[in-house]
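# model the structure of this input:
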Amino acid sequence: MPALDAATTFVQDAVHACLGVLRAPPHASTRRRRRHVGSVALTVAVLLAALLVAFAAPALGREVAGDPNLDARLNAIASELRCIACGNRTLAESDSALAVDLRAQMRAKLDAGADDDAVRAFITDRYGDVVQYRPPVRASTALLWFGPPVLLGFGMVALVVFLRRRRRTAHQATALDVDTEAGFAAQHPSLP
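This is a model prediction of the structure:
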């Protein structure tokens, strides 16, 4: 959560600044002390604003909970659909503006009485089968379903062919070395 980390860092910086401002020099004049009180008040106001932001940051982008059954249905549907803006996060996990908007539209359809399949169909019709983590088996999605196993099979066949050729050439090289040594020994009988 980068927003929460940034808010936490901001709060820590504000606390350090506030502690530094609170230590007024003892020999300061009345005018400087008044300025000091004003800067302390400003620092405290900034610190309170930073705390407000820090505590509100996790809730940004989340809808207000309504009917628990409706929320459970919405979460179940949203966890099966991919967020287009985020890439590989579900609509339930994503905090992007698109995901928040789609969840609001899905909630409105569920409030209107639509069933879960109708809501899934609404999102799928709008963005295609790519938003589903488990797309249906169709001619257009056949590559998604059967491409990886086919590629794995081709890879296994290629590995077996490569290993057999390697073993065959290693065996032939060994036989050639034995023949070469025998021929060399026959030509030079005096060498061991």
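
# CA atoms for contacts and neighbours, from now on please.
Fine.

# map the structural domains onto the sequence of the chain.
Following automatic domain parsing, the chain resolves into domains at 2-59, 68-131, 141-192.

# what about the second one, how long is it end to end?
Which is domain 68-131. Domain 68-131 has an end-to-end distance of 25 Å (criterion: C-alpha to C-alpha, to the nearest Å).

# again, but for stretch 73-88
With C-alpha to C-alpha applied, stretch 73-88 spans 21 Å between its terminal residues.

# check stretch 92-103 too.
Across stretch 92-103, the straight-line distance between its terminal residues is 8 Å, by C-alpha to C-alpha.

# now do the buried residues in that stretch.
Buried residues in stretch 92-103, counting neighbours by 16 or more other C-alpha atoms under 10 Å, are found at Ala92, Ser94, Asp95, Ala99, Val100, Leu102, Arg103.

# how about the fourth one: what's its closest non-neighbour residue?
Okay, so that is Ala99. Leu91 (5.5 Å; C-alpha to C-alpha, 6 or more residues apart in numbering).

# how close does Val44 sit to Val137?
Val44 is 60 Å from Val137, by C-alpha to C-alpha.

# repeat that for Gly153.
Counting by C-alpha to C-alpha - Gly153 and Val137 are separated by 20 Å.

# equivalent analysis for Arg103, please.
Arg103 sits 26 Å away from Val137, going by C-alpha to C-alpha.

# repeat for Gly147
From Gly147 to Val137 the distance is 12 Å (C-alpha to C-alpha).

# who are the packing partners of the lengthiest helix in the chain?
Looking across the chain with DSSP state H, the single longest helix is helix 142-187. If you count contacts as 3 or more C-alpha pairs under 8 Å, 6 or more residues apart in numbering; DSSP states H and E, helix 142-187 packs onto no helix or strand.
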